[in-house]
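In: model this:
(chains A and B)
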Amino acid sequence: MDRRDFLTALFQSGRLRPNSFARPELSADQSLAPYPQPLTLTDAYHLLRRLSFGPTHAVAQQLVGKTAQEAVDLVLGVGQSDPAVDPPGPWVDQSTENPSGADPDTRRAIEAWWRSIFHELQQWWVERMRTETLPVSEKIILFWHGHFTTEFTYENGYIPPQLLYRQYLMFRRNRLGSFPAFVEDFTLDGAELIYLGGELNTKGIPNENYAREMMELFTMGVGWYTEGDVKEAARVLTGWRVAKFNDEPAPKGIYEVYFDPAAHDTGAKQVLGVTIPARDPNENTEYLVRRDEVRRLIHILMETRPQQVSQFIARKIYRFFVYSNPDYDAPVLAALSETFRNADFELLPVFRTLFASKHFFDPAVRGIQIKTPPEFVVGLLRQLDIPWNEAASIVTALGQELYDPPTVAGWDGYRTWINTVSYPARVEFARQIIESLTDAHLYQWAQKFPSFASDVDSFATEIELFFLPQSISEQRHQYYVSILLQGAPSYEWSQIAQDQQAVALRLRNLLIAMAKAPDFQLC
Amino acid sequence: MKRRRFLQISGGTIAGAAATHWIGKLPLYASSPLHKLTRKALELDTTLVVIQLFGGNDGLNTIIPAEDPRYYQLRPNLAVPKEEAVRFGSSDVFLHPALVNGVYKNGLYRLIDNGWLAVVQGIGYDHPNLSHFRSTDIWLSGINSSDPNVRLNSGWLGRFFTHIYPDFPLLLPEHPLCIQVGGTPSLLFRSPKGDVAITLTDPEKFLESGNLSPDAEPLDEDSLFAQEYNYVLSIAQEANQYAEVIQQAFDNGRNVVEYDGGFPQQLRLVARLISGGLKTKVYLVYLSSFDTHVQQQDEPGSGAHPALLRALSTGISQFMDDLVQQGIADNVIGMTISEFGRRPYENNSRGTDHGAASVQLVFGTSVRGGVYGNNPDLENLNENGDLVYQYDYRRVYAEILQTWFGGTPEDVEAVLQQRILPLSILNPPTSLQLDTAAASVQHFRVLPQPSNGPFTVELHLRHPATVDIAIYSLLGRYVTTITRAALPAGIHRFQGFLQHSGEYICVCRLNNRRNLTKTLIIQR
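Out: Coordinates of the predicted model:
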């Protein structure tokens, strides 16, 4: 009896009745063909909720009236070169001695410094998420960070934040490029080599950690390879080291990855039935081993398991950006995987196709994502146009510590974001932010809505559309209007709208009421 | 796959297992009184604490085979020298020194000494999966499937509680059924009807989210949006509903023991809530970082893994002492779970890679203390070089569901998808101990021993009884039923036949209440 039969049997026996948790078929259009209508403001909001950390007036206005493909290309920055990144601080190039060999005081000092610059790195990233305009990139980088994971506090200590910053740049560079090249860069990434034991992976007694996760979590998923394949792939990946301290060898410079030929296993290996031949000792060089073993290994994964890899990655993209429910595979996934395969595992076509599709713009898939902590926190700050220098700590407190996921599988996502601790904490955070806004700030904020000064009913609707992903009942709309009016007749609104203090008071009440609604947690 | 014999059969009957309870001797005379009414389970004041050791705890460096030279060959750097391992009594069980030395009241040693600790050796399952995530899901779901196409999307406790509490979630119980301390909602508590657990970190911070907007009713429409909306709404309502009872239990409860920082603090909170009268059935706490691929241990008493063992032992020791001193220990048991053990041979990074079978600890004053199963067999490893399991992990689950939570074998079968023989490691809670069915059996035996296939089960009943006799494999998996009938008093004989050589367990259940067990050896 398999799992499905088992559950069916239980349901039929009346022991377990799925009631409110039934799963209706996703009634959305399952086509990846381009969405034909020019984008409305609501469409633009939807696109920005999913590809950035929430809509802003300025960015949304640039998309209204464009075709879906034009808008998506603008949002993804197709054909544009990435602007240079302003680093979080001078520390990105500073180095230390190895703290584990140092005296206790030095060790403590180094680790305290790391913790402090790590926090700077997190806050720097959150601020980039909050302020970015077109094209957007941070959400996609966050996606890859949750896929190609590294933990700052791992089993054996800390990973220097300098390496995490370099990894961020690597994610940025590869985020919409070739997937095999991305896997290769990650396989030989300094932070990752520390995190998953690659820097200790040595000829003779290999460390299997990365080899396993490479197949299980980073490319194809569990079940499509044997334990023997893991062992052999680990042998392929022997010999790579990272220069992380200024009192240790750094043949290519500090924080750079280098190859130690003596630690590399030159024997023949066989992975997924394909042989990587033995290596002549004269050809045991960084360039050749990278090309003929590491890159070859990654291509073997793609070539022998194209269905699994394309499905695994397409599903992961779909779950992160469209619908996170892990128990549901949308029919459109088959076509999305095919797009990925047909594009020779290039990522850009997948993103361009998915986000311009009829499926993506179907009303049935709007508002069905539970906001992640950064979506909730950064999104609120972004939409209220207010900086918050503790934002990264709030994101952490709500369950998602950036650059320090709970496990190598990243964050579970979906409903795990909302529980009886995090839900009240989210509402409380929103309340504090909203109450901290000055009258002047709120007054200025209100002016950006076209109907603000003229019509209270339309003004309320514009705010609802701005924050909530689906239209709401008339009863609830009237409740929000009544908070703005506070008993005054609606024709008096234009008068109220002239009084900064009165407007700010009413807006605070409205926003706090809205933040308590279940769909304020959805996007 | 070879499996070392770990059942030591001494003559014909091993009914007096109490005296030979130690080491390598499965207590064969087991008793699991059951309740007919499953709802009774909710009236029982029994509590289970699950300690999840994430990352894969190294069983071989927890309970140490210090008299096996092979252990020292496999682990030249990581083995704990015999003279540093802590031998229990005159047994061949050795504890890692970090579980005892310098730990509050000698940690696990004192628990063993008091008979409060059951050590289950070689716990695992068929076709071990070496992925942290899949194997964790297998442990939490209680369903053993390595097939990547089978989704493990509910937990054994989630299914059990929705099974015995059919009104959930339309009627929420007065107290939360299950609580997890920190973390994101665990698969353990998931069911097709939603989560049966709430999350708690600090009761002072268990806030009400306040009144929702006036139309905050569940959306009555068939859409994904409505599903997610209603999910968030249900969490908001639960948070509001339980904020008060938790605060009350926290205020009324107390701790009479000083707990260490870190992991023990989670158990401190659990003890305080139990002491304060919260009727929650299951608490889940976590201890992470067991994925010791690298630099697992410096000296035997120090390093990453010893520090984790010390935290675990300290927490358990302080928790037990707190409950015992308050006189509330008898209805509380705890157990560790971990997705797998580590590979018997160490790697080149002074660590160990993912392995298979490991050791499980079950503790509490109601536990039948002792060691179940043998020290691991380091000669006969599986094809991947990992330990072969001795007990299916669900045997402990089945024991908890039946003996501790008063479920019937049918409940267990519904929840675990299979008939699983409980591993008798618990004494039933006091409210279930009044059963007198035992007196009605004069004798119960299986002949001949060994048999070459055919065998006879003989049962002498003093009083009429409903009898269910079945055969299980040594690993606890159901094989076949011999009879199921209402019988008059007198001697009854039933013929059976088994085709395959091996050791089996014959279980006789009387009046749905009591299990009598005998081994049966087939040699063909």
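In: pLDDT value on A:Gly228, please?
Out: For A:Gly228, the pLDDT comes out at 95.
In: For chain B, tell me whether the helix or strand where it lies is touching it.
Out: A:Gly228 is part of helix A:227-236 when elements are defined by DSSP states H and E. Yes. Using C-beta under 8 Å from any C-beta of the partner chain, we find that helix A:227-236 touches chain B at A:227, A:230. Where you see a C-beta, it was placed from the backbone N, CA and C, and this is true even at glycine.
In: May I see the buried residues of that helix?
Out: Using 16 or more other C-beta atoms under 10 Å in any protein chain shown as the burial criterion, the residues of helix A:227-236 that qualify are A:227, A:229-236.
In: Does the helix or strand following that helix reach chain B?
Out: Using DSSP H and E, the next helix or strand after helix A:227-236 towards the C-terminus is strand A:240-242. No. Applying C-beta under 8 Å from any C-beta, one finds that strand A:240-242 is not in contact with chain B, the shortest distance being 13.1 Å.
In: Measure how far strand A:240-242 is from the centre of its chain, please.
Out: Here the centre of mass of C-alpha atoms in strand A:240-242, compared against the chain's by C-alpha atoms, centre = their mean, to the nearest Å, lies 27 Å away.
In: Sheet partners, orientation included, of it?
Out: As defined by DSSP bridges, the strand partners of strand A:240-242 come to strand A:257-259 (antiparallel).
In: roughly how far is the partner strand from the heart of the chain?
Out: Using C-alpha atoms, centre = their mean, we find the averaged C-alpha position of strand A:257-259 to lie 28 Å away from the chain's own average C-alpha position.
In: Which parts of that strand count as buried, going by neighbours?
Out: Within strand A:257-259, the residues that qualify as buried by neighbour count (16+ other C-beta under 10 Å) are A:257-259.
In: Specify which member of the buried residues of helix A:227-236 is nearest to chain B.
Out: Distance to chain B, by C-beta to the nearest C-beta, is smallest for A:Glu227 among the buried residues of helix A:227-236, at 4.7 Å.
In: Who are the contact partners of the closest one?
Out: B:130, B:384 (C-beta atoms under 8 Å, 6 or more residues apart in numbering or on different chains).
In: hmm, try it at 6 Å
Out: If you count contacts by C-beta atoms under 6 Å, 6 or more residues apart in numbering or on different chains, A:Glu227 has them with B:Asn384.
In: Low-confidence stretches in the stretch 1-150 of chain A?
Out: By pLDDT under 70, the low-scoring segments of the stretch 1-150 of chain A are A:1-26.
In: Do a quick rundown of the helices in the stretch 101-250 of chain A.
Out: Read by DSSP state H, counting those that start in this stretch, the stretch 101-250 of chain A holds these helices, from start to end of the chain: A:104-131, A:138-147, A:161-174, A:179-187, A:190-195, A:209-213, A:227-236.
In: Looking at the ones you listed, which is nearest to A:Leu510?
Out: helix A:104-131 (22.3 Å; C-beta to C-beta).
In: Distance from the chain centre to that closest one, please.
Out: 20 Å.
In: Buried residues of it, list them for me.
Out: A:107, A:110, A:113-114, A:117-118, A:120-130.
In: can you give me the angle it makes with helix A:138-147?
Out: Comparing the axes of helix A:104-131 and helix A:138-147 via axes from the mean of the first three to the mean of the last three C-alpha atoms, to 10 degrees yields an angle of 140 degrees.
In: For helix A:104-131, name the packing helices and strands.
Out: For helix A:104-131, the helices and strands in contact under the criterion 3 or more C-beta pairs under 6 Å, 6 or more residues apart in numbering or on different chains; DSSP states H and E are helix A:161-174, helix A:373-384, helix A:391-397.
In: Now the last one - C-alpha only, PDB.
Out: Taking C-alpha atoms only, helix A:391-397 is exported to PDB below (Å, rounded to 0.1, in the frame of the first residue of the first chain):
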ATOM      1  CA  ALA A 391      15.500  45.300  10.300                       C
ATOM      2  CA  ALA A 392      17.900  42.400   9.800                       C
ATOM      3  CA  SER A 393      17.500  41.400  13.500                       C
ATOM      4  CA  ILE A 394      13.700  41.500  13.200                       C
ATOM      5  CA  VAL A 395      14.000  39.200  10.100                       C
ATOM      6  CA  THR A 396      16.100  36.900  12.300                       C
ATOM      7  CA  ALA A 397      13.700  37.000  15.100                       C
END
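In: Quick one: the helices in the stretch 1-150 of chain B, in order.
Out: Counting by DSSP H, counting those that start in this stretch, the helices of the stretch 1-150 of chain B are B:40-43, B:69-74, B:107-113, B:132-141.
In: And chain B, by the same measure?
Out: Taking DSSP state H as the test, the helices found in chain B are B:40-43, B:69-74, B:107-113, B:132-141, B:156-164, B:224-252, B:264-275, B:304-326, B:394-399, B:409-416.
In: would you turn the ones you listed into CSV with distance to chain A, mean neighbour count and mean pLDDT?
Out: Rendered in CSV, the data for those read as follows (distance: least, C-beta to the nearest C-beta, whole Å; neighbours: other C-beta atoms under 10 Å in any protein chain shown; pLDDT from 0 to 100):
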stretch, distance to chain A, mean neighbour count, mean pLDDT
helix B:40-43, 15, 16, 56
helix B:69-74, 12, 15, 96
helix B:107-113, 23, 22, 95
helix B:132-141, 5, 23, 93
helix B:156-164, 6, 27, 94
helix B:224-252, 4, 19, 88
helix B:264-275, 13, 23, 96
helix B:304-326, 6, 23, 97
helix B:394-399, 14, 25, 96
helix B:409-416, 6, 22, 92
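In: and whatever residue of the stretch 101-250 of chain B ends up closest to chain A, what does it touch?
Out: Across the stretch 101-250 of chain B, no residue is closer to chain A than B:Pro148, which sits at 3.1 Å (C-beta to the nearest C-beta). B:Pro148 makes contact with A:222-223 under the criterion C-beta under 6 Å, 6+ apart.
In: Break the chain into its domains for me.
Out: Because you didn't say which chain, this covers chain A. According to automatic domain parsing, chain A is divided into the following domains: A:3-79+A:308-365, A:91-307, A:373-521.
In: not what I meant, chain B
Out: As assigned by automatic domain parsing, chain B contains the domains B:40-432, B:437-522.
In: now the last one, how far from the centre of its chain.
Out: Going back to what we said before, that points to domain B:437-522. Mean-position distance between domain B:437-522 and its chain equals 26 Å (C-alpha atoms, centre = their mean).
In: Let me see the contact set for B:Arg343.
Out: With contact taken as C-beta under 6 Å, 6+ apart, B:Arg343 is in contact with B:352-353, B:355.
In: show me what contacts B:Ile179?
Out: B:198, B:200, B:280, B:283.
In: run the last query once more with 10 Å
Out: Contacts of B:Ile179 were listed using C-beta atoms under 10 Å, 6 or more residues apart in numbering or on different chains, and they are A:420, B:189, B:197-200, B:242, B:246, B:269-270, B:273, B:278, B:280-285.
In: Tell me what it is bridged to.
Out: Here B:Ile179, judged by DSSP bridges, has bridge partners B:Ile198, B:Tyr283.
In: Name the residues of the stretch 251-400 of chain A found near chain B, please.
Out: Listed as neighbours of chain B in the stretch 251-400 of chain A under the rule C-beta under 10 Å from any C-beta of the partner chain: A:263, A:308, A:312, A:323-329, A:363-371, A:397, A:399-400.
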